[in-house]
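Q: structure for this input, please:
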Amino acid sequence: MPVIISTIRSLVVVFLILSFYDSMAQTTPPNIVLIITDDQGYGDLGYNGNPHVKTPVLDNFARESVRFNQFYVSPVCAPTRSSLMTGRFSLRTGVSDTYNGGAMMSTDEVTIAEMLKEANYATGVFGKWHLGDSYPSRPNDQGFDRSVIHLSGGMGQVGDFTTWFEGDSSYFDPVLWEDGERKSFEGYCSDIFTNEALSFIEDQSRNPFFCYLSFNAPHTPLQVPSEYYDMYKDIDPASGFDGDDRPFPEMTEKDKEDARKVYAMVSNIDDNVGRVLAKLEELGLKENTMVVFMTDNGPQQRRYVAGMRGRKGFVYRGGTRVPFYVRYPSRVSGNRDIEALSAHIDVLPTLAEICRTPTPDTKIDGRSLVPILLNQNEEWPTRTLFHYWTRRYPEKYGNMAVQRDQYKLVGFTDYQASVDDFELFDLSSDPYEQNNIVTEKPELASQLKDEMDRIYGELILSPHLVDAPRIIVGSEHENPTFLNRNDAAGERGIWAQEEKYGFWRVQIASGKYDIRFKFIEEVSPGGQMFLEAGTSVTSLKISQSTDMIEMPGVQLPEIQCDLTPFYMVDGRRIMPFWVEMERVD
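A: Numbering: from 1, shown residues only. Sure thing, here's the model as predicted:
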C-alpha cells in the first residue's frame, strides 16, 4: 500500500508540474515572426519537389511545421499584403492594384501591428510594405514601432525613386527608409532586412514582439550576389522532370536564365531564414515563438510550379496557391499536413486568438486557424474564397474566380457571359485545373456564379474603394512629402513614361510650400510648369533645360483634391517622375 500511495503522490506531482508549465505556455504571450517572400512560387522549394533549388533550411522548417496544403493568396502582391495585414478582402481596404494609385491602404484599416500593439507587443517591419509610401499609409502610421523598408512594389521600380536610378545594382548598397527617413545601407537587400530583423528581435527579446520580415526577393529585377548565382549557373531548370505526369510549362532560354537567378535569390533567403531561426534558439525564444513562412503569389516567370496552371497574376492555382508553414513548438504539434481551405485573410484572426487579443471592430473575412492548429478535431465549415486580378479595378468575369471547398469556378470572359462560358474544376480529382466540367454540373456552376456576383457586387462598393485613400500633405507627421509614381492615379499603366496623365489624391493643409518636380529626362526650355490643386492653379515659365523644376513659396489652401502637376512645352504634356512638397510656413 505505501508503494501505491507513493506512486500516486508522484503522479500527482508530475501532473501538477505539467499543468503548471502548460498554464505558463498558455499565459505567456507568444512572439510572432511572420516571414513572407515576393514572387516565390509554390514550386520554388525543394520540399515541394523542385530538384534544382537548394533550400535546406526551409525544407527542414516545413518538416517541423504544420503545413497548410490548400492555402491561397491574391494573384499579386499589394492585394495579398493588405489582406494579410487586415484579415479582409483587399478591395475593402482600398487596395485594388499594385500601382496606378491602387496600392494605398486606408488608414482606417486596423493592421496586425495595431492589433498587437494594443496587447503590448513591440512591432517591426523589414523589407517590402507596398501599402502606401506617404502619411498616413506608411508602416509607422499603421502600427509599426520600427520599420526599415523600400518604397512601392519593388526596389529598382519607378515608385522606389531612391533605388530606381541605380539600375542593375539597385539591390546592393541601397538607400532605404528607416522609420520614415532616408538612410544609406551597405550590403545585399535581403541580408540587410534580415540584419535589421535580428537587431529588432534581440532588442525585444524580453518582451512579446511581432516581427514582419517581408523579403522583396525574388521579385524582379533579378539581382543576386555572385556566390549564389554560381550555385546555379550551369543547371538546366527544365530538366529532371522525366516521368513526371504533372503539366510543365515550356521554358525559353530567358525563362531558364531567370529561373537560375530566382533560385539563387531563394537560396540566399533560405540562408537568411536560417539566421532568424538560429537567433531565436540562441535567445531561448524558439519554444514560445510562432514562426510563419509564406509567399505572396505565384512565380512571375515560367518555371516549375508543381504542375499547377498559371502563375503570378492568374486566378488559377499557380497564381494563388502558396506554401504556408506554421511552427509554434510550445503549443502546436508539428510535422502535420492540413487540407482545410485557408487563405491570407485567416492570418489576422488566427494571431488574434493565439495572442489572446480582440479582433478589430470591423468585418473580418477570414477565420481563425487555431482550432485546426491545436488539433481540436473541429469540423472546418464550408467557405467561399474570391479571387480576381485586372489592372485598376476588377473587371466583371475577367480573370475572376470563386472556390467553395473543392469546386472552383473561373471566369476569363466578359460581363455578358453565360455560365457555359466559365470553367468549373473539381480540385479534388483535377488539381492541375485541366478538365472543365461546367457542362456536367450546370446547377453547381450557376450557384457559384451567383456567389461570384454577390461578392463582386459587394466588394466594388466598399467605402475605402469608392472613396480612395488620400495622401496628407503638410502634416507635422511628414514634412516634406514625396509623391511617387506608384501612388499616382490617372491613366492606366503609369510607369516611366514622360507623356502620361497622372495625379495624386491628396489632402493639403493650408500653408506655403516649396515644391520640387523631378523629371526622368531634362525638359526643354520655353515651356510652362503647371500645378493644379483643385481650383488652385500655379504656373511657372521655364527658360532653360533641366530635370528639376522648383516652385518656391507656393501658397495652397486647405483642400482635398487631385493634385495634377505637368510641364507643357511644344505641345507636349510631361508628367514629373516624383514631386516633393515641403511646408515652410
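Q: alpha carbons only for contacts and neighbour counts from here, please
A: Noted.
Q: got the phi/psi numbers for Arg81?
A: Here is the backbone geometry of Arg81 (degrees, to the nearest 10): phi -70, psi -40.
Q: please apply the same query to the one 10 residues further on.
A: Here is the backbone geometry of Leu91 (degrees, to the nearest 10): phi -60, psi -30.
Q: where do the helices sit along the stretch 151-300 of the chain?
A: Along the stretch 151-300 of the chain, counting by DSSP state H, counting those that start in this stretch, helices occupy 161-164, 189-203, 226-229, 253-282.
Q: show me what counts as buried in the last one.
A: Within helix 253-282, the residues that qualify as buried by neighbour count (16 or more other Cα atoms under 10 Å) are 255-270, 272-273, 275-277, 279-280.
Q: model confidence over it, on average?
A: Mean pLDDT, helix 253-282: 98.
Q: hang on, the earlier thing: of all the helices of the stretch 151-300 of the chain, which lies closest to Asp514?
A: Minimum separation from Asp514 across the helices of the stretch 151-300 of the chain (Cα to Cα) falls at helix 161-164, 19.4 Å.
Q: give me the contact list for that closest one.
A: 151, 155-158, 170-171, 174-176, 484, 578 (Cα atoms under 8 Å, 6 or more residues apart in numbering).
Q: out of those, list just those in strands.
A: 175-176, 578 (DSSP state E).
Q: which of those residues are buried, as a ChimeraX select command?
A: Buried residues within the ones in strands among the contacts of helix 161-164, by 16+ other Cα under 10 Å, are selected in ChimeraX with:
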select :175,176,578
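Q: Ala343: which of the ones in strands among the contacts of helix 161-164 is nearest?
A: Looking across the ones in strands among the contacts of helix 161-164 and measuring by Cα to Cα, the closest to Ala343 is Leu176, at 30.4 Å.
Q: that closest one is in contact with Val148, isn't it?
A: Yes: using Cα atoms under 8 Å, Leu176 is in contact with Val148, at 6.7 Å.
Q: where does the stretch 451-585 of the chain have low pLDDT?
A: Within the stretch 451-585 of the chain, no stretch has pLDDT under 70.
Q: the strands in it, which residues?
A: Secondary structure of the stretch 451-585 of the chain (DSSP state E, counting those that start in this stretch): strands located at 471-473, 481-483, 489-490, 502-508, 511-523, 528-533, 536-541, 546-556, 559-569, 572-574, 578-583.
Q: nearest to Asp361, out of these?
A: strand 471-473 (24.3 Å).
Q: what lines up beside the closest one in the sheet?
A: Neighbouring strands of strand 471-473 in its sheet, by DSSP bridges, are strand 502-508 (parallel).
Q: who touches the strand it pairs with?
A: Taking Cα under 8 Å, 6+ apart as the rule, strand 502-508 contacts 101, 468-474, 483, 487-491, 494, 556-565, 575.
Q: domains for this protein, by residue range?
A: 25-373, 384-465, 471-583 (automatic domain parsing).
Q: which of these sits most buried?
A: domain 25-373 (a mean of 21; mean count of other Cα atoms under 10 Å).
Q: and it, how far out from the chain middle?
A: Relative to its parent chain, domain 25-373 has a centroid offset of 7 Å by Cα atoms, centre = their mean, to the nearest Å.
Q: for Asp585, which non-adjacent residue is spatially closest?
A: Computed as Cα to Cα, 6 or more residues apart in numbering, the closest residue to Asp585 that is not its neighbour in sequence is Lys512, at 5.5 Å.
Q: how much space between that neighbour and Glu451?
A: According to Cα to Cα, to the nearest Å, Lys512 and Glu451 sit 51 Å apart.
Q: now Glu353
A: Distance from Glu353 to Glu451, by Cα to Cα: 29 Å.
Q: what do you get for Lys233?
A: Counting by Cα to Cα - Lys233 and Glu451 are separated by 48 Å.
Q: now swap in Arg383 and tell me
A: Arg383 is 11 Å from Glu451, by Cα to Cα.
Q: next: Asp168.
A: Asp168 is 46 Å from Glu451, by Cα to Cα.
Q: swap in Thr481?
A: 42 Å.
Q: then Ser418?
A: Taking Cα to Cα, one finds Ser418 at 14 Å from Glu451.
Q: any stretches of the stretch 251-400 of the chain with poor pLDDT?
A: Short version for the stretch 251-400 of the chain, where the test is pLDDT under 70: 377.
Q: and with 50 instead?
A: Residue ranges of the stretch 251-400 of the chain with pLDDT under 50: none are present.
Q: quick one: the helices in the stretch 1-150 of the chain?
A: 2-27, 56-64, 77-86, 90-93, 112-117.
Q: wait, what's in contact with Phe314?
A: Contacts of Phe314 by Cα under 8 Å, 6+ apart are 75, 320, 388-389, 399.
Q: on that earlier part again, including distance to Arg246, could the helices of the stretch 151-300 of the chain go into JSON lines?
A: JSON lines is the format used below for these (distance: least, Cα to Cα, whole Å):
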{"stretch": "helix 161-164", "distance to Arg246": "39"}
{"stretch": "helix 189-203", "distance to Arg246": "32"}
{"stretch": "helix 226-229", "distance to Arg246": "28"}
{"stretch": "helix 253-282", "distance to Arg246": "19"}
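Q: any chance of the contacts of Phe314 in JSON lines, with distance to Ala306 and secondary structure too?
A: Below are the contacts of Phe314 laid out as JSON lines (distance: Cα to Cα, whole Å; DSSP: H, G, I helix; E, B strand; the rest coil):
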{"residue": "Pro75", "distance to Ala306": "17", "secondary structure": "coil"}
{"residue": "Thr320", "distance to Ala306": "13", "secondary structure": "helix"}
{"residue": "Tyr388", "distance to Ala306": "22", "secondary structure": "strand"}
{"residue": "Trp389", "distance to Ala306": "22", "secondary structure": "coil"}
{"residue": "Asn399", "distance to Ala306": "21", "secondary structure": "strand"}
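Q: hang on, Asp405 packs against Arg383?
A: Yes: contact criterion Cα under 8 Å: Asp405 and Arg383 qualify, at 6.6 Å.
Q: what's the overlap in contacts for the two?
A: With Cα under 8 Å, 6+ apart as the test, Asp405 and Arg383 both reach Leu341.
Q: and Gly167, what's its pLDDT?
A: 89.
Q: contact partners for the nearest residue to it once chain neighbours are set aside?
A: The shortest distance from Gly167 to any non-neighbouring residue, by Cα to Cα, 6+ apart, is to Gly156 (6.2 Å). Taking Cα under 8 Å, 6+ apart, we find Gly156 in contact with 163-168, 170-171, 221.
Q: gap between Gly156 and Asn216?
A: For Gly156, the distance to Asn216 - Cα to Cα - is 11 Å.
Q: kindly report the same for Gly307.
A: On the measure of Cα to Cα, Gly307 and Asn216 end up 25 Å apart.
Q: do Asp230 as well
A: Taken as Cα to Cα, the span from Asp230 to Asn216 is 21 Å.
Q: go on, Pro56?
A: Pro56 is 20 Å from Asn216, by Cα to Cα.
Q: go on, Ser239?
A: 28 Å.
Q: check Phe314 too.
A: 20 Å.
Q: and what of Glu451?
A: From Glu451 to Asn216 the distance is 35 Å (Cα to Cα).
Q: save the contacts of Phe314 as TSV, and put in distance to Pro371 too.
A: Listed next are those as TSV, based on distance: Cα to Cα, whole Å:
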residue	distance to Pro371
Pro75	27
Thr320	24
Tyr388	29
Trp389	31
Asn399	33
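Q: how about low-confidence regions in the stretch 101-250 of the chain?
A: Those would be none, if you go by pLDDT under 50 across the stretch 101-250 of the chain.
Q: which residue, other than its chain neighbours, is closest to Arg246?
A: Gly307 (4.7 Å).
Q: just say helix, strand or coil for the one you found.
A: Three-state secondary structure (criterion: DSSP: H, G, I helix; E, B strand; the rest coil) places Gly307 in coil.
Q: separation between it and Tyr316?
A: For Gly307, the distance to Tyr316 - Cα to Cα - is 12 Å.
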